[in-house]
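# how would this look folded up:
(one chain, ligands or ions: 2)
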Amino acid sequence: MAASRALLPTPQAAAAATPARSRARLAAPSSLAARAGGSHRLRVRCAILSSPAPAKAEQEQPTRRISRAGSDASLRPKPAVLVAEKLSEAGLAVLREFADVECAYGMSPAELLAKMAQFDALIVRSGTKVTREVLEAGRGRLRVVGRAGVGIDNVDLQAATEAGCLVVNAPTANTVAAAEHGIALLASMARNVSQADAALKAGKWQRNKYVGVSLVGKTLAIMGFGKVGSEVARRAKGLGMHVIAHDPYAPADRARAIGAELVSFDEAITRADFISLHMPLIPTTNKVFNDESFGKMKTGVRIINVARGGVIDEDALVRALDSGKVAQAALDVFTVEPPAKDSKLVLHENVTVTPHLGASTVEAQEGVAIEIAEAVVGALKGELAATAVNAPMVPAEVMSELAPYVSLAEKLGRLAVQLVAGESGIKGVKVVYTTTRGPDDLDTRLLRAMVTKGIVEPVSSTFVNLVNADYTAKQRGLRITEERVSHDSATAEAPLESIQVRLSQVQSKFAGAISDGGDIVLEGRVKYGVPHLTLVGPYEVDVSLEGNLILCRQIDQPGMIGKVGNILGQRNVNINFMSVGRTFRGKQAIMAIGVDEEPNKESLEEIGAIPAIEEFVFLEL
Ligand SMILES: NC(=O)C1=CN([C@@H]2O[C@H](COP(=O)(O)OP(=O)(O)OC[C@H]3O[C@@H](n4cnc5c(N)ncnc54)[C@H](O)[C@@H]3O)[C@@H](O)[C@H]2O)C=CC1
Ligand SMILES: O=C(O)C(=O)COP(=O)(O)O
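Ligands and ions are numbered 1, 2, ... in the order given. Model (predicted):
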């Protein structure tokens, strides 16, 4: 029967052959995804939240909060929502229509912990740490955490997922506010507005001391050309600035359309008079602005940070300010918030600071409050908002056959994006499925969504689920095309023979992953239920995709496996899989090594120093 072996049944096949309950779930995503381009308020019924088991805390408080209306349904207790940070009245009104709302602003961590068992949902901004302990305290009752803003670095996502708690955010409503704040800091820094204001209020009329610099004709480098970065670019163009940008994953044509030139990291920081930071805080951006990068900048450069404090090594910035390398900095965000009262950086006379105000406009806070309130109410009703951060991609029954392919698709995307380098950005993504199934039996929405998730999540503050995947790809200018290749096999039980992910015409930090056509190519298969990487560029390999991965390209010669294995073994790094693929004997070969632990810098350097090794890269799965 078609649908029983369909990968993800097409709407037609699903309608013909799936039970009504599954049908509703399976048919929903394509129409929703198509409409998601126009709205963030879309929801689809979500298996995990639609019929929650009675929570322990609810059982213990049967008489809690009865709503006023008289129907049977209304006799059920209203859900309770704790709002832990200031939320605009417009959002509170949306919440109150559906739930009992308690606003408790400025709680200590202990006060928050003490309250957690009494609430179905918690809403925070960036100031509340939603730790594992907080989530544990809410276990059994807490179903949703709403982050009224973009960054969810203050929420322990892993712990939330383990506790079965959905996390939703409000990723778009404060974009313009953050961009406007970036521009406000840029202009006020250049004209010493805050320093001159403080001096005048202290009775000093210092016109000569506070001569500023002009913006027109100056080069502004935007680091991170996503939602906020591109809005800053638009505005800076209006100020007559020359805008360059660095973002390894942004499409160059989008930047060009705004009049910004995409360049490499080094080119951006060496050419710029002003540098504005708009990348997320992820392992690859942690402290990327450090002694070394400040050293490469023009003397007298000016830096604005409205992203996250952690992308700057703050001690290095103080040194660069003291030496005059960096003339001024304007900072809205800090590694620790609030920063220490005696922070040298905050107190530095050439630094302008604001207390994380990027999102704090009346308009943005209203937008964010409504966006998060609707998402939280939807989640409490059993709907999955497009802004769900840790939502399951599909209901459990569909997952059973698909699980390893879903994981394979995400891992191929995740590996591919880590191989991207340079300034050209990702132009297009092609996913090639080799399958025995006909188009009616193979709906690839889920796999495409997982490839998108793998490519987007490691490098951005966007979270991808089945509802928002196509919309997210479109919004980021990722052109994803798909191709099916028929594979004839009379006995094929498996839905797919292989999945190939190609990033077209992109520079790579590992040249061995580039195929003849100039694309980064990775292909994988599922073997014994486990995703395996089977092709890297032109090289056939066979390595199970568990743990992390080291790829080395070397001259094909005896003894290489032993040399690399020894280095890793000496450092207690367990190799779970190893495979060598070569084009011709004695020419180049690729070694793919699966490792359980992350090797330290020294062991990677030692591997790189083996003479026959031409290049290597460490990839996280
Ligand atoms: N200060 C505030 O109140 C606010 C701060 N933010 C922060 O601003 C930042 C940007 O937010 P959005 O634009 O919404 O996120 P986004 O995900 O739309 O954009 C981030 C961009 O950074 C790029 N990127 C990733 N790694 C990079 C690297 N190594 N070098 C250069 N670019 C890289 C990504 O490709 C992406 O295009 C986030 O950190 C967010 O938390 C956002 C809103 C308000
Ligand atoms: O949305 C974000 O990422 C922000 O940084 C805004 O934080 P806030 O909601 O103002 O605490």
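
# so D291 sits against R319, correct?
Yes. Using Cβ atoms under 8 Å, D291 is in contact with R319, at 6.8 Å. Backbone N, C-alpha and C define where each C-beta goes, glycine included.

# residues contacting the residue in the stretch 101-250 of the chain positioned nearest to ligand 2?
Nearest to ligand 2, among the residues of the stretch 101-250 of the chain, is G149, at 2.7 Å (Cβ to the nearest ligand atom). With contact set as Cβ atoms under 8 Å, 6 or more residues apart in numbering, G149 has these partners: 125-126, 169-170, 174, 359, 368.

# using CSV, write down the CA coordinates of the strand or helix carrying R319.
Assigned by DSSP states H and E, R319 belongs to helix 314-323. Taking Å, rounded to 0.1, in the frame of the first residue of the first chain, the C-alpha atoms of helix 314-323 are listed here in CSV:
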residue,chain,number,x,y,z
GLU,A,314,36.4,42.6,26.2
ASP,A,315,39.8,42.7,27.8
ALA,A,316,41.3,42.8,24.3
LEU,A,317,39.0,45.7,23.4
VAL,A,318,40.1,47.7,26.5
ARG,A,319,43.7,47.2,25.3
ALA,A,320,42.9,48.3,21.8
LEU,A,321,41.1,51.4,23.2
ASP,A,322,44.0,52.2,25.5
SER,A,323,46.5,52.0,22.6
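
# quick one: contacts of that helix?
287, 289-291, 294, 297, 303, 326, 328-329, 334-335, 343-345, 348, 350-351.

# pull out the buried positions in that helix.
314, 316-318, 320-321 (16 or more other Cβ atoms under 10 Å).

# around ligand 1, pick out the residues from the chain.
Proximity of the chain to ligand 1 (Cβ under 6 Å from any ligand atom) is limited to residues 150-151, 174-175, 178, 223-229, 246-250, 278-281, 284-285, 306-308, 332-333, 356, 358-359, 459-462.

# among those residues, name the ones in strands.
223, 246 (DSSP state E).

# and the buried ones among the residues of the chain next to ligand 1, selectable in ChimeraX?
The ChimeraX selection below is limited to those of the residues of the chain next to ligand 1 classed as buried (16+ other Cβ under 10 Å):
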select :150,151,174,175,178,223,224,225,226,227,228,229,246,247,248,249,250,278,279,280,281,285,306,307,308,332,333,356,358,359,459,460,461,462
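
# isn't D266 right up against M297?
No. Using Cβ under 8 Å as the test, D266 is too far from M297 to be in contact (10.1 Å).

# between the two, who's got more neighbours?
Between D266 and M297, counting by other Cβ atoms under 10 Å, M297 is the more crowded of the two (22 against 12).

# residues touching the nearest residue to that one once chain neighbours are set aside, list them.
Nearest non-adjacent residue to M297, counting by Cβ to Cβ, 6 or more residues apart in numbering: I269, 5.2 Å away. Residues in contact with I269 (Cβ under 8 Å, 6+ apart) are 221, 223, 246, 275, 293, 296-297, 301.

# give me the pLDDT for I269.
pLDDT, I269: 98.

# gap between it and T285?
I269 sits 13 Å away from T285, going by Cβ to Cβ, to the nearest Å.

# could you do G229 as well?
G229 is 13 Å from T285, by Cβ to Cβ.

# which residues are common contacts for these two?
Residues within reach of G229 and of T285 at once, by Cβ under 8 Å, 6+ apart, are M279.

# check contacts around the closest residue to ligand 1 within the stretch 1-150 of the chain.
The minimum distance from the stretch 1-150 of the chain to ligand 1, using Cβ to the nearest ligand atom, falls at V150 (4.2 Å). Counting by Cβ under 8 Å, 6+ apart, V150 touches 169-171, 174-175, 178, 359, 461.

# quick one: distance of the longest helix seen in the chain to the chain centre.
Using DSSP state H, we find that the single longest helix of the chain is helix 396-418. Centroid displacement of helix 396-418 relative to its chain, using Cα atoms, centre = their mean, to the nearest Å, is 17 Å.

# what is that helix packed up against?
For helix 396-418, the contact count by 3 or more Cβ pairs under 8 Å, 6 or more residues apart in numbering; DSSP states H and E identifies helix 20-36, strand 428-435, helix 445-456, strand 498-503, strand 520-527, strand 530-536, strand 613-619 as packing neighbours.

# report how many residues lie close to G182.
G182 has 27 neighbours, counted by other Cβ under 10 Å.

# related to what we said a few turns ago, okay, the residue of the stretch 1-150 of the chain closest to ligand 1 and V288: tell me how far apart.
With Cβ to Cβ as the criterion, V150 and V288 are 19 Å apart.

# neighbours around the closest residue to E231 other than its chain neighbours, how many?
Take E231 and drop its neighbours on the chain: the residue closest to it by Cβ to Cβ, 6+ apart is A179, 3.5 Å away. Neighbour count of A179, defined by other Cβ under 10 Å: 24.

# so who does A179 touch?
By Cβ under 8 Å, 6+ apart, the contact set of A179 is 228, 231-232, 234-235.

# and for N154?
Contacts of N154 by Cβ under 8 Å, 6+ apart are 124, 126-130, 147.

# so D153 makes contact with R308?
Yes. Contact status for D153 versus R308: in contact at 6.9 Å, counting by Cβ under 8 Å.

# shared neighbours of these two, which are they?
Here D153 and R308 have L281 as joint contacts, going by Cβ under 8 Å, 6+ apart.

# picking up where we left off before, redo the contacts of A179 as CSV? Include pLDDT.
Putting the contacts of A179 into CSV (pLDDT from 0 to 100) gives the following:
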residue, pLDDT
V228, 97
E231, 98
V232, 98
R234, 98
R235, 98
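
# which of those fall in strands?
Filtering the contacts of A179 for strands - DSSP E - leaves nothing at all.

# between those residues, which is nearest A494?
V228 (43.0 Å; Cβ to Cβ).

# hmm, that closest one is touching H181, no?
No. Assessed by Cβ under 8 Å, V228 is found out of contact with H181, at 9.3 Å.

# re earlier: could you tell me the least trusted of the helices and strands packed on helix 396-418?
helix 20-36 - the lowest mean pLDDT of the helices and strands packed on helix 396-418, at a mean of 30.

# circling back to that earlier point, near ligand 2 too, which of the buried residues of helix 314-323?
Within those, nothing lies near ligand 2 by Cβ under 6 Å from any ligand atom.

# which bits of the stretch 101-250 of the chain sit near ligand 2?
Residues of the stretch 101-250 of the chain lying near ligand 2 by Cβ under 6 Å from any ligand atom: 125-127, 148-151, 174.

# between the buried residues of helix 314-323, which is nearest ligand 2?
Of the buried residues of helix 314-323, the one sitting nearest to ligand 2 (Cβ to the nearest ligand atom) turns out to be E314, at 17.3 Å.
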